[in-house]
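Engineer: Predicted model and sequence follow; I will ask about them next.
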Amino acid sequence: MTWSAEVIVSLKPVVNDPQGLVVRDGLRQLGFDGVRAARVGKHIVLEVDAEDEHSARELVSRMCETLLRNPVIEDHRISSLRRLEDG
Amino acid sequence: MRFGIAVFPGTWSDRDCARAVTLAGHEPVMLWHKDRDVKDADCVILPGGFSYGDYLRCGAVARFAPLMDAVTEFAAHGGLVWGICNGFQILCEAHLLPGALSRNQSLQFRCEPAYLRVETTVSPFTSGCTQGDVLQIPVSHGEGRYVADDETLDMLERDGRVALRYVAADGSAVGARSPNGSMRDIAGVLNQGHNVLGMMPHPERASEALLGSDDGMRLFESVSHAVRHGDSFANIW
């Protein structure tokens, strides 16, 4: 079975995110006074082969731990996992 | 002595490092990323640049190069490994050094002179300096903000593993003039065995007076001295 997984990699809350601060300030300058905070991360879309949903999730988690995130400064979460039609 | 200089696709400071090694009177040997050994080098330099386009994160892909297996093994046996700029990022990604390099506080790519205070001389890279010396060596990076948790930072300070710290030209605290906003103004860190150094500034670009500073040669000369007197140094750590 083939699965589509979407992963969000973001800086840990304790890690300063200068990019997010610039986005926040930029939005405020454009008149969006209500913006309280902004954080910028990465959105990674994978297609993986796995027996079932559990093993697909486990596989993607291992990919995150091994390469997709830097555990010193980044967190990850699997935001979506769905089975693709065969073929 | 022989300096191995790693070349990954996208490395850009390899020739500058080779030039500095030659100026110091030593032999540079280029190590291609697909090589599986370090060609009998006494010290391996991982130079600056944008290895593999810095895709995903700086240094994240270089970590998987065949050469890095050889470099990791070399380091494990006490071999001297010197990561400069992108090389420092690679060493962190390869877990040969703790911490990570994140986006500069300013979000700007900074290419400018920096001032570094030598924090320890108990390393083959700084043994020729005096503690407290201020070296003028340029930085050139967009992602050089050293980040680690407090526990790791305390451990590095306690164990004398902060090798170099950003300061102002007169040696006072760098404050807002930090090129990248590194935690505790850390510019260079050592591994536990003090045989691996990662630093963001480029000593090879401060290798002769014509370039504005030759302070970088102090580090190259320290390495060659340490290799020549390897036995006496081994007792220090």
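Structural biologist: Here it is on my side, so go on. Bear in mind that the values here come from a model prediction, so they are computed numbers and not experimental data.
Engineer: Can you find the helix or strand in the chain with the smallest mean pLDDT?
Structural biologist: The chain I'm using is chain A. helix A:18-29 (a mean of 94; mean pLDDT, DSSP states H and E).
Engineer: Would you mark the buried spots in that helix?
Structural biologist: A:18-21, A:23-24 (16 or more other Cβ atoms under 10 Å in any protein chain shown). C-beta coordinates here come from the backbone N, C-alpha and C atoms, glycine included.
Engineer: going on from that helix, what's the next piece of helix or strand?
Structural biologist: strand A:41-49 (DSSP states H and E).
Engineer: what angle separates the least confident helix or strand of chain A from strand A:41-49?
Structural biologist: Angle of helix A:18-29 versus strand A:41-49, following axes from the mean of the first three to the mean of the last three Cα atoms, to 10 degrees, is 120 degrees.
Engineer: For chain B, see how far away the residue of chain A most remote from its centre is.
Structural biologist: Most distant residue from the mean C-alpha position of chain A: A:G31, 27.9 Å away (Cα atoms, centre = their mean). The gap separating A:G31 from chain B is 22 Å, by Cβ to the nearest Cβ, to the nearest Å.
Engineer: Let me see the backbone angles for that residue.
Structural biologist: Backbone torsions for A:G31, taken as degrees, to the nearest 10, come to phi 100, psi 0.
Engineer: Can you tell me which residues in chain B are near chain A?
Structural biologist: B:56-57, B:60, B:92-93, B:98-100, B:102-107, B:147-149, B:181 (Cβ under 8 Å from any Cβ of the partner chain).
Engineer: Buried ones among those residues?
Structural biologist: Neighbour counting with 16+ other Cβ under 10 Å marks B:56-57, B:60, B:92-93, B:98-100, B:102-106, B:147-149, B:181 as buried within the residues of chain B next to chain A.
Engineer: what sits against residue 84?
Structural biologist: Let's take chain A. A:L84 makes contact with A:2-4, A:47, according to Cβ atoms under 8 Å, 6 or more residues apart in numbering or on different chains.
Engineer: ah, no, chain B please
Structural biologist: By Cβ under 8 Å, 6+ apart, B:I84 lies in contact with B:13, B:17, B:45-48, B:199-204.
Engineer: quick one: buried residues of stretch B:197-208?
Structural biologist: By 16+ other Cβ under 10 Å, the buried positions in stretch B:197-208 come out as B:197-207.
Engineer: So what touches stretch B:168-175?
Structural biologist: For stretch B:168-175, using Cβ under 8 Å, 6+ apart, the contacting residues are B:115, B:117, B:132, B:134, B:136, B:166-167, B:177, B:185.
Engineer: before we move on, what about stretch B:21-39?
Structural biologist: Stretch B:21-39 has contacts (Cβ under 8 Å, 6+ apart) with B:1-9, B:14, B:17-18, B:41, B:44-45, B:51, B:62, B:65-67, B:69-71, B:74, B:79, B:207-208, B:217, B:220-221, B:224.
Engineer: got it, and stretch A:68-75?
Structural biologist: A:7, A:9-12, A:15, A:44, A:65, A:76, B:56-57, B:60, B:92-93, B:98-100, B:102, B:147-149.
Engineer: and with 6 Å instead?
Structural biologist: The contact list for stretch A:68-75, computed with Cβ atoms under 6 Å, 6 or more residues apart in numbering or on different chains, reads A:9-12, A:15, A:44, A:76, B:57, B:100, B:102, B:147.
Engineer: ditto for stretch B:156-165
Structural biologist: Contacts with stretch B:156-165, where a contact means Cβ under 6 Å, 6+ apart, come from B:116-117, B:119-120, B:122-123, B:126, B:185-190, B:197, B:199.
Engineer: From one end of that stretch to the other, what's the distance?
Structural biologist: 12 Å (Cα to Cα, to the nearest Å).
Engineer: Buried residues, it. List them.
Structural biologist: Buried residues in stretch B:156-165, counting neighbours by 16+ other Cβ under 10 Å, are found at B:156, B:160-165.
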